[in-house]
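**Q** Turn this into a structure:
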Amino acid sequence: MLNNSTKVMFYMTLVGGILLTISSNSWVGAWTGLEINLLSFIPIMTNNENIYTTEASMKYFLVQALASSLLLFVITTLTVIEKSQLISKLSSHGSLMAIPLLLKSGAAPLHWWFPSVMEGMSWMNCFILMTLQKIAPMILMSNIILPSLQLTMVILSSVVVGSMGGLNQVSLRKMMTYSSINHMGWLLASLLISNNLWTIYFMIYTLMTTAIILMINMSKISFINQTFTMNHDSMFKFLLFTTLLSLGGLPPFTGFFPKWIVIQYMISNNYITITAMMVVFSLITLFYYLRITYSAFLIIHTKTSWNFKLPNKNSLLNSTMIFSSIMGLLVLPIPMSIYL
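**A** Residues are numbered from 1 along each chain as shown. Take a look at the predicted model:
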């Protein structure tokens, strides 16, 4: 991943763009950080050994450039009207400014570019797109977002598209994409409550996504049918699917904890109808995880007479990630109750 000094420089500027965006108090500074982040991620995406990365990087660049242009146009217009570029001064126009940010983060119904871009990237770049690239737009939205009908429709659209879109997928990348869209709905719902709740949800989501990407990348698999014959290590296979169920929000795994908090706080704030719909469609997401798990363990499970050793599967980092994503619910409620 960090195979040369050029890649190291692009990773540093990518993180620097995120830090510039979240630390800026003006929209022009935030826009500049978003552009630095975009121009750093495009070279990271490209790979001469994979012809699909060129198409994916071009699609990603065009969509992000469109969103950035729209954001700059909105910033310029509101600056002329309000005579200010400060984020706090322009927060009253949050519904308008959230549109390009939602397009950048891949929330439904502005998600049309997300699955095709994910399909053409390596697993490590998929991880960056699903986690790091969401930080800056979500931080900006946390400063301007207000409860509204438009936000409710975006939340419901993300939850519905993320659950229904993953039902007929055979590609693991597209399945993870629609899972990310589903979690975007929950992240936006957590923004309605507090920034602390959004931070907790995003950290746990990043932990679970990291564990899954590490295991899938080590196994070198890309499609669901490849998991059926992944019998070189039954425990590794068990951990992979258990982590998937944790990402789907099945209790008593870690992924259930942030959804539990979001449901509790939304019901206490009288968002009962939207909460019920989010729970129902999250069960559909959990269904296609369970369907894969059931098939891989009970229906199509063969044991070969030879065993392959996966490299680094017992490393301390990977083991910690996987264990935390599965068993974190045993210890998380204690510190989080103090934090909230």
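
**Q** Would you mark the buried spots in stretch 247-264?
**A** Residues 247-250, 253-259, 261-263 are the ones in stretch 247-264 that count as buried (16 or more other Cβ atoms under 10 Å). C-beta here means a position set from N, CA and C on the backbone, and glycine is covered the same way.

**Q** Which of the residues you listed sits closest to Asn196?
**A** Ile261 (9.9 Å; Cβ to Cβ).

**Q** Test my guess that the closest one contacts Asn196.
**A** No. The criterion here is Cβ atoms under 8 Å, and Ile261 misses it with Asn196 at 9.9 Å.

**Q** Of the buried residues of stretch 247-264, which belong to helices?
**A** Using DSSP state H, the members of these that fall in helices are 247-248, 256-259, 261-263.

**Q** Format those as TSV; extra columns: pLDDT and distance to Leu140.
**A** Formatted as TSV, those follow (pLDDT from 0 to 100; distance: Cβ to Cβ, whole Å):
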residue	pLDDT	distance to Leu140
Leu247	89	25
Gly248	88	28
Phe256	90	29
Phe257	89	26
Pro258	91	21
Lys259	93	24
Ile261	91	23
Val262	93	21
Ile263	94	26
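
**Q** With respect to Ala98, which of the residues you listed is nearest?
**A** The closest of these, once distances to Ala98 are taken by Cβ to Cβ, is Val262, at 19.2 Å.

**Q** residue contacts, the residue most central in space within the chain?
**A** The centroid of the chain falls nearest to Met130 when counting by Cα atoms, centre = their mean (3.7 Å). Met130 sits next to 118, 176-177, 180, 209 when contact means Cβ atoms under 8 Å, 6 or more residues apart in numbering.

**Q** swap in Trp113?
**A** Per Cβ under 8 Å, 6+ apart, neighbours of Trp113: 59-60, 63, 106.

**Q** How about Leu290?
**A** By Cβ under 8 Å, 6+ apart, Leu290 lies in contact with 245, 248.

**Q** Try it again at 10 Å.
**A** By Cβ atoms under 10 Å, 6 or more residues apart in numbering, Leu290 lies in contact with 241, 244-245, 248, 250, 283.

**Q** Let me have these in CSV, extended by distance to Ala30.
**A** As requested, the contacts of Leu290 are exported to CSV (distance: Cβ to Cβ, whole Å):
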residue, distance to Ala30
Phe241, 40
Leu244, 35
Leu245, 37
Gly248, 33
Leu250, 37
Leu283, 37
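
**Q** ok, so of those residues, who is nearest Ser148?
**A** Nearest member of the contacts of Leu290 to Ser148, counting by Cβ to Cβ, is Leu283, at 26.6 Å.

**Q** burial of that closest one, as a residue count?
**A** Leu283 has 14 neighbouring residues, counting by other Cβ atoms under 10 Å.

**Q** And it, how far from Ser157?
**A** According to Cβ to Cβ, to the nearest Å, Leu283 stands 18 Å off from Ser157.

**Q** what's the closest of the buried residues of stretch 247-264 to Pro100?
**A** Set against Pro100, the nearest of the buried residues of stretch 247-264 by Cβ to Cβ is Val262 (25.2 Å).

**Q** which residues of the chain score low on pLDDT?
**A** Low-confidence regions of the chain, defined by pLDDT under 70, span residues 1-3, 88-92, 230-233, 299-340.

**Q** the longest helix in it is where?
**A** Max-length helix for the chain by DSSP H is helix 52-82.

**Q** nearest residue to Ala189 other than its sequence neighbours?
**A** Ile155 (5.3 Å; Cβ to Cβ, 6 or more residues apart in numbering).

**Q** if we can go back for a sec, return the list of helices and strands in contact with the longest helix of the chain.
**A** Applying 3 or more Cβ pairs under 10 Å, 6 or more residues apart in numbering; DSSP states H and E, one finds that helix 52-82 contacts helix 27-45, helix 94-105, helix 114-119, helix 123-130, helix 132-144.

**Q** and the first one with helix 132-144, angle?
**A** Just to be clear, that refers to helix 27-45. Using axes from the mean of the first three to the mean of the last three Cα atoms, to 10 degrees, the inter-axis angle of helix 27-45 relative to helix 132-144 is 170 degrees.

**Q** helices and strands around helix 27-45, which ones?
**A** The contact analysis (3+ Cβ pairs under 10 Å, 6+ apart) places helix 27-45 against helix 5-23, helix 52-82, helix 94-105, helix 123-130, helix 132-144.
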